[in-house]
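K.L.:
everything below, folded, please.
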Amino acid sequence: MEQYDDELLQEAGNLFVVDDEDGNSIEFEYLDCLIYQDTEYLVLLPTQEESPQIVILEVVPVDEENENYVAVEDEAVLDAVYAMFKEKYKGILDFAD
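P.N.:
Next up, the predicted model:
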């Protein structure tokens, strides 16, 4: 499971640069933050890929001021959060599944 530390997540407008556990920087566009089954998920879009796919990261609180971001491996959770995102933005964004 890939984990992202919030100390490495830097907001620049709607762009985030995340350093993964291997030290690789990945730039994302922040799309939304959704709650599913009492858990918070970030919906992000990689900016440096030819045909980017949405990335969903689970927000895991560490303490009152810090949180980690963890790649979601459960396909059912990914599908549910993505379905919520599509429903919320169905009149605004075009989705190619």
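K.L.:
where along this structure do the strands fall?
P.N.:
For the chain, the strands defined by DSSP state E cover 3-5, 10-12, 15-19, 25-36, 39-46, 55-61, 67-71.
K.L.:
can I get the ones you listed in a markdown table with mean pLDDT?
P.N.:
A markdown table is the format used below for the strands of the chain (pLDDT from 0 to 100):
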| stretch | mean pLDDT |
| --- | --- |
| strand 3-5 | 43 |
| strand 10-12 | 43 |
| strand 15-19 | 77 |
| strand 25-36 | 89 |
| strand 39-46 | 92 |
| strand 55-61 | 91 |
| strand 67-71 | 85 |
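K.L.:
now render those strands as TSV, adding mean neighbour count.
P.N.:
Using the backbone N, CA and C atoms, a C-beta is placed for each residue, glycine as well. Shown next, in TSV, are these (neighbours: other C-beta atoms under 10 Å):
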stretch	mean neighbour count
strand 3-5	17
strand 10-12	10
strand 15-19	17
strand 25-36	16
strand 39-46	19
strand 55-61	18
strand 67-71	17
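K.L.:
select, out of those strands, the one closest to Lys90.
P.N.:
Closest approach to Lys90 among the strands of the chain (C-beta to C-beta): strand 25-36, 13.1 Å.
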